[in-house]
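Engineer: structure for this input, please:
(one chain, ligands or ions: 1)
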Amino acid sequence: MILDAPRGTERARHILDVEGMTRDEILRLLDLADTMRSARAERTHRTLLEPETIGLAFYEGSTRTRVSFELAARALGATVVDLGVEGSSVGKGESLVDTLRTLERTGVTALVLRHASSGAPYLAARSTGMAIVNAGDGMHAHPTQALLDALTMREALGSLEGRLIAIVGDVAHSRVARSNLHSLRALGARIRVGGPPAWVAGFSGRDGVEVATSIEDALDGADAVMTLRVQLERAAGAGVPSLREYSRSWRLDERRMAHAAPGAPVLHPGPTNEGVELTSDLANGPRSLIARQVENGVPVRMAVLATVTGAA
Ligand code: NCD
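Structural biologist: Sure, this is the predicted structure:
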């Protein structure tokens, strides 16, 4: 969701979710990401965010997302402050809102927030004047990941209109899947979620979403296949398979990929559980877009930071 401030008022724009974004808003961000990719390569736009101080507050582990936000902010000339949560007053029990208000008072103008609680970025947007970017909140949303996934699929497939995208694995616990459902549908794709029943049952009956409970049905004719990390830290409870059971029935490999459309690419948001969600041959082979997803993280986050600060 982009909350747009009336013209003249500053810094009331946030990117909290892709749910509610229109097709045009998403396409604008993807096109801006393409522009930012060239800008980064040509070292232009180096002062676009010079007036901004961008805070990174990652209350949950992250490599790709944190590093790419930092590189994106630096490529556009912003000052970057990383609230290493480990070494901050957070460990002394300071509340989230108190910490964020402290950051704001020290001059942070835009904040990139990852938090284990769904909704934390909304709380931040309500309680401070900083522009907030959601870098993943609980099981709820991960808008910049969905944008970079859409950009990567668009590069590989062209328009996503009418394309069938299979999202396979631990869909129930995945904020990446949830955000992708919204963005891909907004871009006109059809979605099929596939996985053990406990991980996909909740999606049946959703408009524009098919549900499959075998790998063959899940992959059948898919134009692209995204598999997801099994969320060991979130998956618990009845009906949830062990990693061994999961990989026996659901691990993607070249043989299983033969059910998908010829040459269909494979995506994974990372980090992967090696050999569980897909074989390392597939992850490192010609169908894999996993490295490209990581590369696309920087230009997408440049586009997002430029948007929330009102610079683009
Ligand atoms: C994802 C996340 O943190 O939501 N990783 C990422 O941002 N690339 C997916 C995951 O943790 O499995």
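
Engineer: what parts of this structure come near the ligand?
Structural biologist: Arg64, Thr65, Gly136, His142, Gln145, Arg175, Val176, Arg229, Pro269, Gly270 (Cβ under 6 Å from any ligand atom). For every residue, glycine as well, the C-beta is placed using N, CA and C.

Engineer: for the helix or strand harbouring the third one, name the packing helices and strands.
Structural biologist: If you go by DSSP states H and E, Gly136 is part of strand 131-137. Here strand 131-137 is seen to pack against helix 64-75, strand 110-115, helix 120-127, helix 143-157, helix 290-308 when contacts are counted using 3 or more Cβ pairs under 8 Å, 6 or more residues apart in numbering; DSSP states H and E.

Engineer: and the last one, what does it pack onto?
Structural biologist: Read it as helix 290-308. Judged by 3+ Cβ pairs under 8 Å, 6+ apart, helix 290-308 is in contact with helix 23-42, helix 64-75, strand 131-137, helix 143-157, strand 266-267.

Engineer: if I look at the residue nearest in space to the middle of the chain, how far off is Arg234?
Structural biologist: For the chain, the residue nearest the mean C-alpha position is Gln145 (1.7 Å; Cα atoms, centre = their mean). For Gln145, the distance to Arg234 (Cβ to Cβ, to the nearest Å) stands at 16 Å.

Engineer: now do Gly20
Structural biologist: Counting by Cβ to Cβ - Gly20 and Arg234 are separated by 24 Å.

Engineer: got it, and Ile290?
Structural biologist: Distance of Ile290 to Arg234, given as Cβ to Cβ: 22 Å.

Engineer: quick check: mean pLDDT of the strand holding Gly136?
Structural biologist: Taken as a whole, strand 131-137 has a mean pLDDT of 97.

Engineer: same check, this time on stretch 193-206
Structural biologist: 92.

Engineer: and it, which residues are buried?
Structural biologist: Within stretch 193-206, the residues scored as buried using 16 or more other Cβ atoms under 10 Å are Val193, Gly194, Gly195, Pro196, Trp199, Val200, Ala201, Phe203.

Engineer: quick one: classify the residue nearest to the second one when sequence neighbours are not counted as helix, strand or coil.
Structural biologist: Leaving aside its sequence neighbours, Gly194 sits nearest to Ala218 (Cβ to Cβ, 6 or more residues apart in numbering; 2.5 Å). Taken by DSSP: H, G, I helix; E, B strand; the rest coil, the conformation at Ala218 corresponds to helix.

Engineer: check contacts around Ala218.
Structural biologist: Contact analysis of Ala218 by Cβ atoms under 8 Å, 6 or more residues apart in numbering lists Ala166, Val168, Arg192, Val193, Gly194, Gly195, Ala212.

Engineer: for the last one, list each beta-bridge partner.
Structural biologist: Under DSSP bridges, the beta-bridge partners of Ala212 are Gly194.

Engineer: per-residue pLDDT, it?
Structural biologist: Looking at Ala212, its pLDDT stands at 97.

Engineer: confirm for me that it is in contact with Pro196.
Structural biologist: No - taking contacts as Cβ atoms under 8 Å, Ala212 lies outside contact range of Pro196: 11.0 Å.

Engineer: that older thread, can the helices and strands packed on strand 131-137 go into a markdown table with extra columns for mean pLDDT?
Structural biologist: Shown next, in a markdown table, are those (pLDDT from 0 to 100):
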| stretch | mean pLDDT |
| --- | --- |
| helix 64-75 | 97 |
| strand 110-115 | 97 |
| helix 120-127 | 94 |
| helix 143-157 | 98 |
| helix 290-308 | 98 |
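
Engineer: Leu282: which of these is closest?
Structural biologist: Across the helices and strands packed on strand 131-137, Leu282 has its closest neighbour in helix 290-308 (9.5 Å, Cβ to Cβ).

Engineer: can you give me the buried ones in the closest one?
Structural biologist: Using 16+ other Cβ under 10 Å as the test for burial, helix 290-308 gives 290, 292-294, 296-308.

Engineer: and the residue of the stretch 201-312 of the chain nearest the ligand?
Structural biologist: Of all residues in the stretch 201-312 of the chain, Arg229 sits closest to the ligand, at 3.3 Å by Cβ to the nearest ligand atom.

Engineer: who touches that residue in this structure?
Structural biologist: For Arg229, the contacting residues are Gly169, Asp170, Ser174, His268, Pro269, Gly270, Pro271, Thr272, Asn273, Glu277, by Cβ under 8 Å, 6+ apart.

Engineer: report how many residues lie close to the fourth one.
Structural biologist: By other Cβ atoms under 10 Å, the residues close to His268 number 25.
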